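> what would the 3D arrangement of this be:
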Amino acid sequence: MPAQSSGMVAEQDSVGERMLLYQRNNGGWPQPGGDPIKYQLSLTPIQKKKLLSEKDRLDTTIDDDATTREIRGLVEAYQKTKNDAYKTAAERGIRYLLTAQNAQGGWGQFYPDSSGYHKHITYNDNAMLNVLNVMKYTAEGAKGFDVLDPALRAPARQAVDKGIGCILKTQYVQNGKLTVWCAQHDRNTLLPAKARAFELPSLSGAESVGLVRFLMQIPNPSPAIKQSIRAAVAWFEAVKLPGINTKGIVDASQPKGRDRIVVDDPSSTLWARFYDLETNKPFFVGRDSIKRNALADIENERRVGYGYYGDWPAKLLRVDYPKWEEKWGK
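Residues are numbered from 1 along each chain as shown. Next up is the predicted model:
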């Protein structure tokens, strides 16, 4: 039944209604089939009945912006409709995230599921950063989150502080020198950890950028935060790969008729997704989990289906870090 307010039927938002149906009883959201839920698609009565029967499932996750996306969406839906059901669901989602934060201050990709790599502190695809941003909005009453229960603000603020501590603690130390982060870290040892077969322990030229950007947003940064940012920036500079680019080509000999190759390009600078923990050399891994030195040495399906090279730190180094250093240097 639709929510009631002052004796009248509350206005409904179609996407918000579907988010309510998918929300599990623990307050989080799943990712059925491993893909983000398409909330723009209508649900049949049979699909709705199935979702209601699955409420007790413990398959909730923060992968691919799951749970954080719904919380933001429901806050927005409440702003439009003033339907209390959406606000209540968003608050339940935030309480779920507060519960899911581990003792080290991080969030695993799934909670309460702790099987395999689901339990690792997950920076991959900005999973933990999405949670920290929701906690920050809650603590500050920003982005429309001021409508939520004020009692959530203090624990959200504490969660942000613990999360920042986790980021600082997981920054990898290589021969006594701070570098950057892996896409996922063991929740106990805090060391870089393996996820999928082609995601080995490594230093990330991609996820580390988001972590630095988050730290750079912190007002009045502590000496530890300043040290962290500067160390990461120095590492990005040290491992950049000037003079190359990647190019998609047509290749009828490949399974899907296409390939991705590395080409010379004097105007381009790239970074690798994965760097060796000890040598800082780029490496490439296919579904066999074997490290290789060149993109061409892994299977075509991974070459064209995963981002092994990118320019992720470019704007950070060119624009954002100099501005931050100008403001917070010394």
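> wait, doesn't Leu190 sit right on Ile167?
No: Leu190 is beyond contact range of Ile167, at 10.6 Å (criterion: Cβ atoms under 8 Å). Yep, even glycine has a C-beta here, placed from its N, CA and C like the rest.
> with neighbour numbers in mind, choose between those two.
Each of Leu190 and Ile167 has its neighbours counted (other Cβ atoms under 10 Å); Ile167 has more, 23 against 16.
> host element of the more buried one?
Counting by DSSP states H and E, the element that carries Ile167 is helix 153-170.
> show me the domain layout of the chain.
For the chain, automatic domain parsing gives the domain ranges 1-170, 180-330.
> so of the ones you listed, which one's packed in deepest?
The highest mean neighbour count among the domains of the chain, using mean count of other Cβ atoms under 10 Å, belongs to domain 1-170: a mean of 18.
> other residues contacting stretch 149-168?
Stretch 149-168 is touched from outside by 91, 94-95, 97-98, 101, 104-107, 121, 128, 131-132, 135-136, 138-139, 141, 181, 211, 214-215, 218, 224-225, 228, with contacts defined as Cβ atoms under 8 Å, 6 or more residues apart in numbering.
> following the chain past the helix holding Ile167, name the next helix or strand.
Per DSSP H and E, the first helix or strand lying C-terminal to helix 153-170 is strand 173-174.
> quick one: mean pLDDT for that next one?
Average pLDDT, strand 173-174: 98.
> partners of it, with directions?
Applying DSSP bridges to the sheet, strand 173-174 is found paired with strand 177-178 (antiparallel).
> and the contacts of whichever helix or strand comes after the strand it pairs with?
The element immediately downstream of strand 177-178 (helix or strand, assigned by DSSP H and E) is strand 184-185. Identification of contacts with strand 184-185 by Cβ under 8 Å, 6+ apart yields 106, 109, 117, 120-124, 170, 191-195, 199.
> of the residues you listed, which is the nearest to Val263?
The nearest member of these to Val263, counting by Cβ to Cβ, is Glu199 at 25.4 Å.
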